[in-house]
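[1] Give me a model of this one.
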Amino acid sequence: MNDVAAAVYAATAETRAMPPEAVRDRIIQLAFDGDASRYEQFVATLRQAIPPDVGVILRGSVVIGCRWSDGAPFDADGPGTSDLDLTLVGGDMLKLYDEFHIPGVHSVPMGEDHPDAAPALLPLRRKLCELAGRPVNIQATSDFVQYAREIVMDQPYFTILEKAEKAEDDASGAEGAEGARAAG
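    Below you'll find the predicted structure:
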């Protein structure tokens, strides 16, 4: 294992040992300059835009504190330079995407590299970038892929919004996807 892999592995293990509240505090400190009210506004914006049958998670350097590619700390290139990697899990969110890593089950992240991957989510992305003061990438994935990333690939994440229970899914899923299209 090289030094970068060892640093990322250690950060991952440290994150897994932390209680969720401590991970949340790290996210607020790193991504929102320690301002909990900005974080709450970010979460409220997501809650308004995303259907209840969709879970929203954060992953990446804001969660573990360093980049997986080189082990550098969050915002190592200056304030606001590290992005936030949101993943929308489940529901009909994949239907909003035109570009995929795995067609129909795992989208590309809508962000700098794929700015038009999910046109219906552009207003939401703009608002989230403004609130965070940094780039925000938004990806959609199936429950199965998220499970594989967690269990097989050992990728830590932080849940921002939990999915609603199944009974609620049946009553609000289709309407919720429309709400995401109108976000902004």
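[2] Torsion angles phi and psi at the residue nearest to the spatial centre of the chain?
    Nearest to the geometric centre of the chain sits residue 86, at 1.5 Å (Cα atoms, centre = their mean). Residue 86 adopts backbone torsions of phi -90, psi 140, taken as degrees, to the nearest 10.
[3] Surely it is in contact with residue 141?
    No - in this structure, residue 86 is not within contact of residue 141 by Cβ atoms under 8 Å, at 10.8 Å. In short, each C-beta sits where N, CA and C put it, glycine included.
[4] Strands along the protein, start to end?
    Secondary structure of the chain (DSSP state E): strands at 55-59, 84-89, 100-102, 106-107, 136-141, 157-161.
[5] Adding mean pLDDT and distance to residue 77, write these out as CSV.
    Formatted as CSV, the strands of the chain follow (pLDDT from 0 to 100; distance: least, Cβ to Cβ, whole Å):
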stretch, mean pLDDT, distance to residue 77
strand 55-59, 96, 19
strand 84-89, 97, 15
strand 100-102, 95, 26
strand 106-107, 96, 26
strand 136-141, 97, 16
strand 157-161, 95, 22
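[6] Residue 13: which of those is closest?
    strand 157-161 (14.7 Å; Cβ to Cβ).
[7] okay, the angle between that closest one and strand 84-89?
    Between the axis of strand 157-161 and that of strand 84-89 there is an angle of 70 degrees, by axes from the mean of the first three to the mean of the last three Cα atoms, to 10 degrees.
[8] Walk me through which strands strand 157-161 pairs with, and which way each runs.
    Next to strand 157-161 in the sheet, as set by DSSP bridges, lie strand 55-59 (antiparallel).
[9] List the contacts of the strand it pairs with.
    With Cβ atoms under 8 Å, 6 or more residues apart in numbering as the test, strand 55-59 has contacts from 27, 46, 50, 84-90, 146, 155-163.
[10] now with 6 Å?
    46, 50, 85, 87-90, 157-161, 163 (Cβ atoms under 6 Å, 6 or more residues apart in numbering).
[11] Quick one: low-confidence residue ranges for the chain.
    166-184 (pLDDT under 70).
[12] about what we covered before: generate CSV for the strands of the chain, with distance to residue 122 as supplementary columns.
    Converted to CSV, the strands of the chain look like this (distance: least, Cβ to Cβ, whole Å):
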stretch, distance to residue 122
strand 55-59, 17
strand 84-89, 14
strand 100-102, 18
strand 106-107, 14
strand 136-141, 10
strand 157-161, 20
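[13] related to what we said a few turns ago, now the residue nearest to the centre of the chain, nearest residue through space, not along the chain?
    Spatially, and ignoring its direct neighbours in sequence, residue 86 is nearest to residue 138 (4.9 Å; Cβ to Cβ, 6 or more residues apart in numbering).
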